[in-house]
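Quick one, fold the following:
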Amino acid sequence: MFPVYEEKKENLHLHSRIARHESPHLHNSVEFIYLTEGCLELGMGQELFHMEEGDFAVLFPEVIHHCQVFSGENNKACYLWAQPILCGQFASVMQKYCPKNPVIKKPQVHRDIVNAIRCLKLDKKEQNPNLVVEQAYVQILLARSIPAFNLQEKSSVESNDIIYQTVSYIAKHFKEEMSLEKMARDMGVSKFTLSRVFSGANSARTVRLF
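Next up, the predicted model:
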């Protein structure tokens, strides 16, 4: 399956919904997942990370990830996506690094994280978004979670798989003018190899807009 690049247009998205399978994708936002019921398997790189009720996860921008639900019980989560403009001083860290394990277990989830999510949900419900308020709460989420992570360079989680490399390249350069020849040269592969990747996908540059 060819991973999808999601370009999120709004500064902040927040949804509480049933946890479900999510195919491999990446986006230009930082994603927060707060599991409120059941369990969930979160995939990043070559690893699966188990989440249970009360666990909190942070997925940095432009890192391919996916979700799997194997339990037949009720599985619910609060999903929040925030654009880099809301991340302040943490944006530069997230561009270069990502957590080795993106999941913080319930006993280590700081109460400020739970409170910030609750306040953002209330603000969203009132349909009165305020950039300054959203920025403050997103930075609280990051300030209380990033110190709990063991960070690594994003390049260390990238697969040797040519599809993964191709999608990662597109994610980093989608605002630029691209050509098959330039991509192949930058990635160090044959343009014929790259051409086969695109011919095997429905779209050479799949983008989902939100």
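
Surely Ile18 and Lys76 touch.
Yes. Using CB atoms under 8 Å, Ile18 is in contact with Lys76, at 5.8 Å. (C-beta placed from N, C-alpha, C; glycine too.)

Comparing those two, which shows the higher neighbour count?
Shown here are Ile18 and Lys76; by other CB atoms under 10 Å, Lys76 has more neighbours (15 against 11).

count of neighbours near the nearest residue to the more buried one once chain neighbours are set aside?
Nearest non-adjacent residue to Lys76, counting by CB to CB, 6 or more residues apart in numbering: Glu37, 4.1 Å away. Neighbourhood size, Glu37 [other CB under 10 Å]: 15.

For Leu180, see how far away Glu37 is.
Remark: distance between Glu37 and Leu180 (CB to CB, to the nearest Å) = 46 Å.

I'd like to know how far His173 sits from Gln68.
29 Å.

what does stretch 123-132 contact?
Residues outside stretch 123-132 that contact it (CB atoms under 8 Å, 6 or more residues apart in numbering): Asn11, Leu12, Leu14, Leu86, Val133, Glu134, Tyr137.

The first one touches Leu80, doesn't it?
No. The pair Asn11 and Leu80 does not pass the contact test of CB under 8 Å, sitting 11.4 Å apart.

so where is this structure shaky, pLDDT-wise?
For the chain, the stretches with pLDDT under 70 are 1-3, 158-164, 171, 196-210.

Helices of that one, start to end?
Using DSSP state H, the helices found in the chain span residues 91-96, 111-125, 131-145, 162-173, 180-187, 191-199.

how about those, which one is nearest Leu26?
helix 162-173 (5.5 Å; CB to CB).

re the thing from before, looking only at neighbour counts, state which of Asn11 and Leu80 leads.
Between Asn11 and Leu80, counted using other CB under 10 Å, Leu80 has the larger neighbour count: 25 against 17.
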